[in-house]
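Peer 1: here is the input, now give the coordinates:
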Amino acid sequence: MLSDSKIGPELLQSLGAGLKSLGDNTSKLSDITNASVATNDYVKGVNAATKSVGEMSAVYAKATQSMGALQSSFRGYENL
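Peer 2: Have a look, this model is predicted:
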């Protein structure tokens with residue numbers, strides 16, 4: 001029956017090699033997926049850090065403005 005179907009050792013070896021290749025490629029796809037997830041997490045972290053720096057800059061600008069106003073309000077009291 002196998003000989004009538006032309007299923008021989010070469011075909012079985014080829015099938016085995018094909019399945020091994022499929023397994024290797026599937027493993028590589030998994031690695032790519034993991035790298036993609038890590039990259040997305042990194043981008044989210046950078047975006048959060050950028051937002052925090054922007055907020056800190058705004059707070060620093062307000063503090064500088066307040067210090068300037070405070071300094072102006074004390075002018076004239078220096079000689080007391």
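Peer 1: if you average pLDDT over the host helix or strand of residue 54, what comes out?
Peer 2: Element membership for residue 54, per DSSP states H and E: helix 9-73. Model confidence over helix 9-73, given as mean pLDDT, is 87.
Peer 1: what about residue 12, neighbour count?
Peer 2: Counted with other C-beta atoms under 10 Å, residues neighbouring residue 12 total 11. C-betas here are computed from N, CA, C, even on glycine.
Peer 1: contacts only, for it.
Peer 2: With contact set as C-beta atoms under 8 Å, 6 or more residues apart in numbering, residue 12 has no partners.
Peer 1: so how far is residue 23 from it?
Peer 2: As defined by C-beta to C-beta, to the nearest Å, residue 12 lies at a distance of 17 Å from residue 23.
Peer 1: on that earlier part again, distance from the chain centre to the helix holding residue 54, please.
Peer 2: Chain-centre distance of helix 9-73: 1 Å, with C-alpha atoms, centre = their mean, to the nearest Å.
Peer 1: which SS class is residue 75?
Peer 2: coil (DSSP: H, G, I helix; E, B strand; the rest coil).
Peer 1: for it, what are its contacts?
Peer 2: Per C-beta under 8 Å, 6+ apart, neighbours of residue 75: none.
Peer 1: how far away is it from residue 69?
Peer 2: Distance from residue 75 to residue 69, by C-beta to C-beta: 11 Å.
Peer 1: just residue 9 next, same as before
Peer 2: Noted for residue 9: a distance of 90 Å to residue 69, by C-beta to C-beta.
Peer 1: do the same with residue 37
Peer 2: Distance of residue 37 to residue 69, given as C-beta to C-beta: 49 Å.
Peer 1: equivalent analysis for residue 22, please.
Peer 2: 71 Å.
Peer 1: same question, residue 25
Peer 2: 66 Å.
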